[in-house]
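> Sharing a sequence plus its predicted fold:
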Amino acid sequence: MLKKFFSCRVCRGITSLLLSALIWLPNAHRLFDQPESNYIAQSGIAPNAMAIAGRHIKFWTDPELRKAELEKMRSRNAEWDFMARCFFVWSLANMGLRDPALTETVLPVMDSIIDTTISLEEQNGIHFFLMPYSRRAEFELQPARSIFIDGEIALMLGLRRLLAEKPEYQKLHRERIEIMLQRMEQSPVLCAESYPDESWLFCNSVALAAIKVGDYLDGTDHSEFFARWLKSAKESLIDKESGLLVSSFDFAGKTVFDGPEGSTIWLVAHCLKLIDPAFAEEQYRLATKHLKTSMGYFGYAYEWPGGIGHDDVDSGPIIPLLNLSAGSTGLAFVGAATFDDREYLAALYRSLELGAFPVYDANGVKYCGSNTVGDAVLLYSMAQGPAWEKIMKGRPADEH
């Protein structure tokens with residue numbers, strides 16, 4: 001459900017560059033290739049991840065910078081403000097797990113973002129982080145809540161606890177989990193609403209991941225719920241033509257609003273790896289079959305299978321001729337990293353160096369073709385891995 005984090009202006013620029021590249025494509029990749037180790041680290045943290053994180057830590061710890069950037073994001077989409085917080089906290093948790101020496105540095109930043117986010121939600125209600133149409137109708141379940149908000153906050157709390165336990169967050173995490181489970185159970189397809197009578201698989205898969213993190217931390221067991229959820233999804237939420245999970249549908253699961261889309265499925269596959277690794281990898285492979293594409297050495301992703309479809313708030317602007325979706329391509333980094341698809345990752349990184357216009361300074365790196373939430377997603381794709389690996393490995397019984 002990432003909302004078009006690349007601008008239309010930049011996408012037009014990318015189009016011009018890619019079309020021009022037809023002339024010099026045979027040698028172009030040499031200009032934009034970087035060592036894989038710049039982005040992917042088997043242990044520790046890759047240099048580009050550190051560069052992105054450095055700028056974001058500066059942003060979140062400087063009140064003036066934070067105020068200006070958040071106002072800019074919120075003027076276009078309140079979800080960007082919320083998701084930038086969540087992806088960055090998730091990233092920092094993984095970075096701390098990768099390099100324990102960073103833990104004392106990242107914990108205060110994580111706590112500040114989590115506390116401020118929860119405080120804003122409490123003061124202003126759920127609509128503060130939602131798009132305006134959240135107010136146009138009543139939620140099917142009352143009191144009104146959004147699984148988009150609950151799931152991503154719960155995962156922030158859970159991953160912070162995974163890095164270092166905090167009793168106050170344990171209570172808040174458990175409360176969110178119980179609320180999410182109660183509401184998901186009331187849906188015929190076990191998916192709660194993100195917006196009034198509108199359930200998104202992106203948001204419900206994040207909720208599942210947050211519940212699974214809670215099982216690992218607290219010794220609870222929701223395997224029976226996960227099994228029922230998977231059975232329901234496979235029976236009711238699979239697009240028959242592509243085999244991919246659909247993106248959005250009504251609360252009853254009877255009407256599909258959006259079929260498979262890249263800005264949803266890459267992150268869904270990432271989250272479902274915690275619940276059913278085989279099914280998650282199958283969904284990723286189907287996504288690459290229908291959405292992965294390239295122009296020579298430069299990889300990108302369609303929003304809709306085969307590149308056929310219109311642009312919308314999720315896809316971001318669709319570049320004509322190429323059918324490049326900004327939203328899908330951004331989240332494809334997460335999917336490819338999750339399933340260790342090195343070839344696709346390398347092609348995506350070449351496109352990043354070509355079209356996202358990185359600018360390096362003393363604070364780190366900023367991708368001018370992106371924004372704060374887009375950069376946070378890129379950071380998460382580079383940092384993710386340790387949290388999921390730790391949870392999937394499980395804990396010895398005597399640790400609970």
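Perfect, I can see it now.
> check contacts around residue 250.
Contact partners of residue 250, counting by C-beta atoms under 8 Å, 6 or more residues apart in numbering, are 197-199, 257. Just so you know, the C-beta spots here come from the backbone N, C-alpha and C atoms, and that holds for glycine as well.
> Now list the buried members of those residues.
197-199 (16 or more other C-beta atoms under 10 Å).
> What residues of stretch 381-394 count as buried?
381-388, 391.
> should've said stretch 121-141
By neighbour count with 16+ other C-beta under 10 Å, stretch 121-141 contains the buried residues 121, 126, 128-130, 134, 139-141.
> now, among those, which is nearest to residue 321?
Closest approach to residue 321 among the buried residues of stretch 121-141 (C-beta to C-beta): residue 130, at 34.0 Å.
> check contacts around that closest one.
78-79, 146, 148-149, 195.
> Check what pLDDT residue 112 gets.
pLDDT, residue 112: 96.
> Please identify the helix or strand for it.
Element membership for residue 112 (DSSP states H and E) is helix 103-124.
> and that helix, what does it pack onto?
Helices and strands touching helix 103-124, as assessed by 3 or more C-beta pairs under 8 Å, 6 or more residues apart in numbering; DSSP states H and E, comprise helix 47-61, helix 78-98, helix 147-163.
> switch to 6 Å and redo it
Packed against helix 103-124, as judged by 3 or more C-beta pairs under 6 Å, 6 or more residues apart in numbering; DSSP states H and E, are the following elements: helix 78-98.
> Could you check the helix holding residue 112 and say which residues are buried?
Residues 103, 106-107, 109-111, 113-114, 117-118, 121 are the ones in helix 103-124 that count as buried (16+ other C-beta under 10 Å).
> same check, this time on stretch 184-199
184, 187, 189-199.
> How far does it stretch from one end to the other?
In stretch 184-199, first residue to last residue: 10 Å (C-alpha to C-alpha, to the nearest Å).
> Next, the residues that contact it from outside, please.
The contact list for stretch 184-199, computed with C-beta atoms under 6 Å, 6 or more residues apart in numbering, reads 134, 137-140, 146-148, 183, 200, 203-204, 229, 232, 236, 248-253.
> try 7 Å this time
With C-beta atoms under 7 Å, 6 or more residues apart in numbering as the test, stretch 184-199 has contacts from 130, 133-134, 137-141, 146-148, 180, 183, 200, 203-204, 207, 228-229, 232, 236-237, 248-253, 257.
> quick one: which of these sit in helices?
With DSSP state H as the criterion, helices contain 147-148, 180, 183, 203-204, 207, 228-229, 232, 236 from among the contacts of stretch 184-199.
> for the stretch 101-250 of the chain, what are the low-confidence residue spans?
Applying pLDDT under 70 to the stretch 101-250 of the chain flags no residue at all.
> The host helix or strand of residue 365 pairs with which strands?
Under the criterion of DSSP H and E, residue 365 resides in strand 364-367. Strand pairing for strand 364-367, using DSSP bridges, gives strand 358-361 (antiparallel).
> The strand it pairs with: how far from the chain's middle?
23 Å (C-alpha atoms, centre = their mean, to the nearest Å).
> Please report how far the residue nearest to residue 129 when sequence neighbours are not counted lies from residue 130.
Using C-beta to C-beta, 6 or more residues apart in numbering and skipping the chain neighbours, the partner closest in space to residue 129 is residue 82 (3.9 Å). Noted for residue 82: a distance of 8 Å to residue 130, by C-beta to C-beta, to the nearest Å.
> Same check on residue 221?
Note on residue 221: its distance to residue 130, by C-beta to C-beta, is 32 Å.
> Equivalent analysis for residue 325, please.
Distance of residue 325 to residue 130, computed by C-beta to C-beta: 22 Å.
> Once you drop chain neighbours, what's closest to the residue nearest the centre of the chain?
Closest residue to the average C-alpha location of the chain: residue 267 at 5.4 Å, with C-alpha atoms, centre = their mean. Sequence neighbours aside, residue 331 is the residue nearest to residue 267 in space, at 5.3 Å (criterion: C-beta to C-beta, 6+ apart).
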